[in-house]
Structure formats: structure tokens, C-alpha cells
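[1] structure here, sequence nowhere to be found:
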């Protein structure tokens, strides 16, 4: 392996290709293009080069071997998606008309429907070394593995009662939708089904429900909404674990933009208030990372999982028009940055900011934040420690002056 190609660059290019052509919404034109480009990447892999020639724990060589398998796997995914002319699960295939993406009368994309008759099958992909192409075949799905319930999947429905709002200044109203049940269905996947066919239970076609999601893995926090009266992430809210009918509402601690989409500006403004960053002006050279106590690092790691989703603000009775409290998440972020080896030098600024209106004294210790935090961060524990630090800083301010 003495070629000129860089394995990490190929890996990055493959990721960009899959994101561009084989994401949640895809069409056959893009999938064809993805297969062509992935085949080129596989050819380039033959000209890959490595610099580590060691025989023990050679991670570079292991990554190079795994990269070829990843490219083959990406080709298998793209080819399988190309062969299935249907939408299934969270993945939607766009209808093409005369080679272009088809739009309905409202200017919305038209998606293919789910086709169980043709594609309720197990996909098998083999790689043909001669043609250097993935070969797709199908095997009948063993339905005996699924326990029979009172109703079949096609007959069983899930009722959603959604609080909608056409704009920031419009009045909210309720609409109800039915979605076909299937195993492991979550709220985000159900909203995608409603988006594909936005027809209410009384047969009225309405604009698709607006909401926000990104990662679908409980990492970004974007899909937070109030589900059956509790603030939580829609991507990990499984239908089978929810009481029906399922009620969806926007988190009204925040300004509502439209339907379930909210404006989290107040959280980012709060981070500005507590100076949620580390001051580095670049005027000195830092060759090594500053040493940090491993116990402190463990605490910082836990707090750093915060997604700025807003669950804790929605659940907190002290956040709202009755109070200026900035909320548990931004407040605890001050504690996080005060733990940092460099951030601790600006700790007095953050602690003084928390003495102001809307700071730590506005926390009523209701502990609702701990109950709803999707990352199980011990918010009240760190709020108590931060309260101690604020009091110590207040005493220092008195005696220093």
C-alpha cells in the first residue's frame, strides 16, 4: 500500500456522498449518481497509501482494511435503496417525473408510498468481483416471527392529537391524525408519515405538520416537544410505550414559530449572560492540554452531554412570564466552564452574572429538571454546588471591596 490516496480523505468523501444522495429523502437520480461515485472511490482505494509500517497495533492499516468494507457496505445500501421504489420507515423516496422531482399543487415534494406487496422482504446483497457491482436479491420475510395481535399492522391505527399554530401570533388549534401502526414506531417516524399524507381523521387535507429534527439519535435535542404532557425527545418516544391517543404540543416556555417548531433563542442568550465559553485570544502558544483532575473531568463530561434541548426549561415551574430565571441548563453550564482549567480564571465573571436578576436565586429547587433531562444529568446537584460558589463569591466581593 504505497499509493497516493489518503484513507481518511476517502472516508470523508464517502460520508459526503452518502449524506448528499442517500439521506432520509432520496430519489433514483441521486442513488444512481451515488453508485457511480462510490465505485470510483473503490477504485481509488486500490491506490491507497499508509505511513505506519509497524506490525503491532497498526491502527492505520486496520482502518484502511475497514474502509474498503465501509465502501462496499455503502454501495450495498445505495443499490438496495435504488431497487426499492417505495418509502419505508424514516426513509422517503421522491417520485420523479420526466427526470425531475415531482411537486404537488402546493409546491410540496411527492413521495412514493409504502409497498408491502413487493418489498415486505429481506434484502440480500452480494458483491460481484467481476462487475464490481452489488447484486441485490430478496428472500421472503418470515412472518411467523411476529406474534399475532388483535389487529394486523394494516388495520391497527395510532391516533395523534396535535396542537397546531399557523404562525407566532396566531391562535392554536387542534387537529387529529391516524397513522398505521408498525413495530418500533416512534413519534418522529409517525410525524413523517403524517407529513407524507397530511389528512385529518375527518378526511380533510391540510398543510403538513411542522416540527424540527436532525440526528434522530437523541444527540441534537432538536425534536423536543411535549408528548402526553411531558417534555421529551420525539425521536426516542416509542409509540408502544405511550398512552393513546397521543397528544403532541409545542414547548410553550419558548416562542412558537409554527406548529411544534419553537424558537430557542432565550437559551443561547442565557449562555451569553453566563459567558458559556473559554476565553482564548491566541496570543500564547499552547503545546499541551492543561492537566485536569480526573474526578473533575468526569463531572464535566456528564454536564457536557447537555443538548440545549429545553426539556428542563419546559418542566421548570420557575421559568416563564412569572420569573426571569434563565433556566437549569444555562445555569449549570456556568458550573461546567468554571471547572475547566482555563475557564476557571473567568469564574468570578460567571458567578457575578448569576447573582443578577434571573440567576441562581430564581431557582426554586422543584427538581422537575432532573426528572425530564434526557441525558440524566444531575442538574440539582450541580445547581446546589453552584449556589455555594455564588455565595462564596458574594463574600469575596464584600471583603475585597
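    All right, it came through fine. Source: prediction; values computed, not measured.
[2] the stretch 101-250 of the chain: strands as residue ranges?
    121-128, 133-140, 157-164, 173-180, 224-227, 230-233, 246-249 (DSSP state E, counting those that start in this stretch).
[3] okay, those, which one's buried deepest?
    strand 224-227 (a mean of 24; mean count of other C-beta atoms under 10 Å). In this view, the C-beta of every residue, glycine as well, is placed from N, C-alpha and C.
[4] any regions of this structure where pLDDT drops low?
    Counting by pLDDT under 70, the low-confidence segments of the chain come to 1, 57, 145-155, 282-287, 289, 401.
[5] the longest helix in it is where?
    If you go by DSSP state H, the chain has its longest helix at helix 59-83.
[6] which other helices and strands does it contact?
    helix 7-21, helix 28-45, strand 121-128, strand 133-140 (3 or more C-beta pairs under 8 Å, 6 or more residues apart in numbering; DSSP states H and E).
[7] looking at these, which is closest to residue 168?
    The closest of the helices and strands packed on helix 59-83 to residue 168 is helix 7-21. By C-beta to C-beta, the value is 31.5 Å.
[8] so in that sheet, which strands flank the very next helix or strand once past the closest one, and in what orientation?
    The helix or strand immediately downstream of helix 7-21 is strand 25-26, counting by DSSP states H and E. Using DSSP bridges, strand 25-26 pairs in its sheet with strand 92-93 (parallel).
[9] tell me the buried residues in stretch 362-380?
    Neighbour-count burial for stretch 362-380 flags 362-363, 368-370, 372-375, 377-380 (criterion: 16 or more other C-beta atoms under 10 Å).
[10] just name the closest of the residues you listed to residue 4, please.
    Closest approach between these and residue 4, by C-beta to C-beta: residue 375, at 43.4 Å.
[11] who's in contact with stretch 78-95?
    18, 21-22, 24-28, 31-32, 34-35, 38, 101-102, 109-115, 118-119, 123, 125, 133-134, 136, 188-189, 192, 196, 216 (C-beta atoms under 8 Å, 6 or more residues apart in numbering).
[12] hmm, which of those residues are the buried ones?
    Buried positions within the contacts of stretch 78-95, assessed by neighbour count (16+ other C-beta under 10 Å), are 18, 21-22, 26-28, 31, 34-35, 38, 111-112, 114, 123, 125, 134, 136, 188-189, 192, 196, 216.
[13] show me where the stretch 251-400 of the chain has its strands.
    Using DSSP E, counting those that start in this stretch, strands in the stretch 251-400 of the chain cover 256-258, 261-262, 319-320, 323-324.
[14] need the strands of the stretch 101-250 of the chain in a markdown table (columns: distance to residue 385).
    As requested, these are exported to a markdown table (distance: least, C-beta to C-beta, whole Å):
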| stretch | distance to residue 385 |
| --- | --- |
| strand 121-128 | 52 |
| strand 133-140 | 55 |
| strand 157-164 | 38 |
| strand 173-180 | 43 |
| strand 224-227 | 26 |
| strand 230-233 | 24 |
| strand 246-249 | 34 |
